[in-house]
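Colleague: Got a sequence here, can you model it:
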Amino acid sequence: MLLNSHSPKPILAPSLLAGDHARLADSVQLVEQAGAQWLHLDIMDGHFVPNLSFGPQTVKALRPHTSLFFDVHLMLANPHHFIDPFIEAGADQITIHVEPDYPIADTLDAIRSAGKKCGLVLNPDTPASALEPWIDMIDMVLLMTVQPGFGGQSFRNDVLPKIAAVAAIRQSRKAAFRIQVDGGIDSETAPLCLKAGADTLVAGTAFFKANDRSDFRRQIEAVEC
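Modeller: Model prediction:
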């Protein structure tokens, strides 16, 4: 299981949202067979985003079947109410959005106190400066490169300068958090994100529809940050 301390080596985190929902365990196996070490789990509540996906019970059911690093992205209006269930289900890292009104610092503390990695997520139109109060508390910054809620959307190029801005914040603060991107990531957009300063890439549709998933992973992880 790969920990997420900052490293120049890119990490691909295939998103289970784009897998076969009738055969989720098989989709997890495809991720393992491709040689990936992370699995991205998008949790949607139908309130913060206009869709529903998985709950902690699904995460718990999958946990005994794989040693993949469970990267759990909470797209919830009240994420602080669900930290314990996802920790108990087997999450290795939990990322939470800055946009809803809830106690962000306390929620990050709860995740870290349980011995898990934690991170903050910014929607495409949320500025990089929104991270500032919590920079010293996080292991990951996830920048959405589409509006969250649905898979298969087109990549937003206007987020690239924000990736660079977050990378500059990381350097100026001498921080070690990883920079993850999610939304429309494929063999063309991944290098753009890595060049801008990202080092962790969530890919859903492009990964699961690739003719050779192992080759797709190798291409992504071979790009120099």
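Colleague: from here on, contacts and neighbour counts on C-alpha atoms
Modeller: Will do.
Colleague: a helix runs through residue 71, doesn't it?
Modeller: No: secondary structure of residue 71 (DSSP: H, G, I helix; E, B strand; the rest coil): strand, not part of a helix.
Colleague: Residue 96 versus that one, what's the distance?
Modeller: Counting by CA to CA, to the nearest Å, the separation of residue 71 from residue 96 is 11 Å.
Colleague: Over to residue 53?
Modeller: 16 Å.
Colleague: higher neighbour count, these two?
Modeller: The residue with more neighbours, out of residue 53 and residue 96, is residue 96; 26 against 16, by other CA atoms under 10 Å.
Colleague: Enumerate every residue touching that one.
Modeller: 73, 74, 75, 79, 118, 119, 120, 121 (CA atoms under 8 Å, 6 or more residues apart in numbering).
Colleague: Quickly find the element holding it.
Modeller: strand 93-97 (DSSP states H and E).
Colleague: All the strands of this structure, in order from the start?
Modeller: With DSSP state E as the criterion, the chain has strands at 11-14, 38-44, 69-75, 93-97, 117-122, 140-144, 178-182, 200-203.
Colleague: highest average neighbour count across these?
Modeller: Greatest average neighbour count among those goes to strand 200-203 (a mean of 29), per mean count of other CA atoms under 10 Å.
Colleague: What's the per-residue pLDDT of residue 225 here?
Modeller: On pLDDT, residue 225 comes in at 61.
Colleague: One more: residue 9?
Modeller: According to the model, residue 9 scores 87 on pLDDT.
Colleague: ditto for residue 51
Modeller: The model's pLDDT for residue 51 equals 87.
Colleague: Relative to the strand holding residue 96, what are the paired strands and their orientations?
Modeller: strand 69-75 (parallel), strand 117-122 (parallel) (DSSP bridges).
Colleague: Can you read off the pLDDT for the closest residue to residue 118 other than its chain neighbours?
Modeller: Of all residues not flanking residue 118 in the chain, residue 94 sits nearest, at 5.0 Å (CA to CA, 6 or more residues apart in numbering). On the pLDDT scale, residue 94 is placed at 98.
Colleague: doesn't residue 75 make contact with residue 94?
Modeller: No: Residue 94 is beyond contact range of residue 75, at 10.7 Å (criterion: CA atoms under 8 Å).
Colleague: on that earlier part again, mind putting the strands of the chain into a markdown table with distance to residue 220?
Modeller: Listed next are the strands of the chain as a markdown table, based on distance: least, CA to CA, whole Å:
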| stretch | distance to residue 220 |
| --- | --- |
| strand 11-14 | 7 |
| strand 38-44 | 14 |
| strand 69-75 | 18 |
| strand 93-97 | 21 |
| strand 117-122 | 22 |
| strand 140-144 | 17 |
| strand 178-182 | 13 |
| strand 200-203 | 8 |
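Colleague: Could you say which one of the ones you listed comes nearest to residue 28?
Modeller: Evaluated over those, closeness to residue 28 peaks at strand 38-44, with 7.7 Å, by CA to CA.
Colleague: List the contacts of that closest one.
Modeller: By CA under 8 Å, 6+ apart, strand 38-44 touches 2, 11-17, 28, 31, 51-55, 68-76, 149, 202.
Colleague: Before I go, just wanted to say thanks for your time.
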